[in-house]
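Asker: Quick one, fold the following:
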Amino acid sequence: MAQRIILIIASFFLFLNINVHAQEYLICTDLGPVEILIDSANAPIHAENFKSYVEDEFYVGTVFHRVIANFVVQGGGYNRDLNTRLEGDGIQLESDNGLENNRSTIAAARTNDPNSASSQFFFNLIDNNRLNRRGRNLGYTVFGEVIRGMELIDTIATLPTGPYGPFDAEVTSPMIAIRGIYSIQDNTATDLDSEITDALASENFLLASDLIDQKLAECGDIDINLIYLKAEISDLIDEKEISMRYLDEYFWYADSSNENYEDALTLYERNFFEFGDLSSAKLRFLLDNINSDCVIPYTPFLPKGTSSELLDMQFARSSVLSFAQNLTVFSDCIDDQARARGLSDEQRSQLEKTYYYALDLSEGMQRALNREIQIFNNSAN
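Answerer: The predicted structure is shown next:
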């Protein structure tokens, strides 16, 4: 009897230990919720890295851009327009942690540099033994697993794929996005609607923002007014980049008939040059309600100078040069359109803004690449 009690107590403390070193998250996708468990005991660096991206609400509006049946479903790096979302620096490989790339596990995507993983991750659809660490093959770090909703990931893997945007293949039709990733253990409110109302009434905007996250984590039908409220509050508490991500989501669903549309436009116009993604998606925003045949180029991927190889930097230089040339063609097209007759003053003003932003975007991408090249050169010396 005493021995049985000792075993029960030992099991209880083992249970506590497991939960202390694991964090549950809910990934709200266009298809519904997927619950995952992140293993901070065996992959502490990756767990902390993932947590930081979640807390920054980095994944809002990112898509699963690489889907290969009987292999992986990958996402976390590109928005709904397939423009890159600028990631942080790469982190140290932890593929020797004993966790294997079995079905339903989550692993960190990376380049050929073993220490280049950042925001992107993938779900293993099968037991991908070739992705495990074996001898000279350094493998890919597993840092979590799906505990509920793997059937939704399987559904994504059945969608037709093909080339789209900057990718030659493997993009699904339709694309499936992540609406947000939320910490399940943070969801403590009982009556969210009334608590959000009370927080707003008392101007406790930090609390209101957290409560709205909990509401969004329910992953129900799209509530565009709630999405706008999240964007507005994020702006008030000086979380401008988060505000822009939710505004991008808002405009994905809303149209001019929505009650908050004009306010959302005003907020977006005020912040989008300085905050949000450095991408050509903003050109689409500027051309809203203008019938333009000018082709908007896709924003190229910028590798990190701290965790990339020479070939990556050379390819990036070529891609950014091509992007700049395509932007020049786009700018000339916009300039010609702005000179055409029959335009209203408002349309002409929007075209002028588009023209100058295209120039700023070209210079900004080249400055960003030069910065990464400088970092790469310094780390190589």
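Asker: Show me the residue sitting in the middle of the protein in space.
Answerer: Tyr59 (3.1 Å; Cα atoms, centre = their mean).
Asker: residues in contact with that residue?
Answerer: Ile27, Tyr53, Gly76, Ser119, Ile178, Gly180, Ile181 (Cβ atoms under 8 Å, 6 or more residues apart in numbering). Quick note: C-beta positions are derived from backbone N, CA and C, even for glycine.
Asker: and if we set it to 6 Å?
Answerer: Gly76, Ile178, Ile181 (Cβ atoms under 6 Å, 6 or more residues apart in numbering).
Asker: count of residues packed around the second one?
Answerer: Neighbourhood size, Ile178 [other Cβ atoms under 10 Å]: 19.
Asker: Give me the contacts around the strand or helix carrying it.
Answerer: Following DSSP states H and E, one finds Ile178 within strand 177-183. Identification of contacts with strand 177-183 by Cβ under 6 Å, 6+ apart yields 25-30, 54, 59-60, 62-63, 80, 213, 216-217.
Asker: With stretch 102-118 instead?
Answerer: Contacts with stretch 102-118, where a contact means Cβ under 6 Å, 6+ apart, come from 46, 74, 87-88, 90-93, 101, 120-124, 126-127, 138, 140-142, 144-146, 150, 307, 309.
Asker: Figure out the length between the terminal residues of it.
Answerer: 21 Å (Cα to Cα, to the nearest Å).
Asker: that older thread, now, which of the contacts of strand 177-183 sits nearest Leu359?
Answerer: Distance to Leu359 across those (Cβ to Cβ) is lowest for Arg80, with 24.9 Å.
Asker: coming back round to it: can you tell me which of the contacts of stretch 102-118 are in strands?
Answerer: Per DSSP state E, strands hold the following members of those: Gln74, Phe121, Phe122, Phe123, Asn124, Val142, Gly144, Glu145, Val146.
Asker: can you tell me which two in the residues you listed are farthest apart?
Answerer: Those two in those that are separated most widely, counting by Cβ to Cβ, are Gln74 and Glu145, at 16.0 Å.
Asker: which regions of the stretch 1-150 of the chain lie under the pLDDT threshold?
Answerer: Within the stretch 1-150 of the chain, the ranges that satisfy pLDDT under 70 run 1-21.
Asker: the helices in it, which residues?
Answerer: Under the criterion DSSP state H, counting those that start in this stretch, the stretch 1-150 of the chain contains helices at 2-20, 44-55, 150-158.
Asker: now the last one, how far from the chain's geometric center?
Answerer: The gap between where helix 150-158 is centred and where its chain is centred comes out at 19 Å by Cα atoms, centre = their mean, to the nearest Å.
Asker: what comes up buried for that helix?
Answerer: Met150, Leu152, Ile153, Ile156, Ala157 (16 or more other Cβ atoms under 10 Å).
Asker: Show me what the helix ranked longest in the chain is packed against.
Answerer: Determined from DSSP state H, the single longest helix within the chain is helix 345-380. In this structure, helix 345-380 makes packing contacts with helix 281-286, helix 310-338, judged by 3 or more Cβ pairs under 6 Å, 6 or more residues apart in numbering; DSSP states H and E.
Asker: Tell me the one of the ones in strands among the contacts of stretch 102-118 nearest Val34?
Answerer: Val146 (6.1 Å).
Asker: ok, the closest one - contacts?
Answerer: Contacts of Val146 (Cβ under 6 Å, 6+ apart): Ile36, Ser104.
Asker: Report the strands that pair with the helix or strand Glu170 falls within, each with its relative direction.
Answerer: Using DSSP H and E, the element containing Glu170 is strand 167-172. Partners of strand 167-172 in the sheet, by DSSP bridges, are strand 161-164 (antiparallel).
Asker: For the strand it pairs with, output the C-alpha coordinates as PDB.
Answerer: In PDB, the C-alpha atoms belonging to strand 161-164 read as follows (Å, rounded to 0.1, in the frame of the first residue of the first chain):
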ATOM      1  CA  THR A 161      -1.100  23.200 -55.100                       C
ATOM      2  CA  GLY A 162       0.800  25.000 -57.700                       C
ATOM      3  CA  PRO A 163       2.900  28.100 -58.500                       C
ATOM      4  CA  TYR A 164       1.800  31.400 -57.100                       C
END
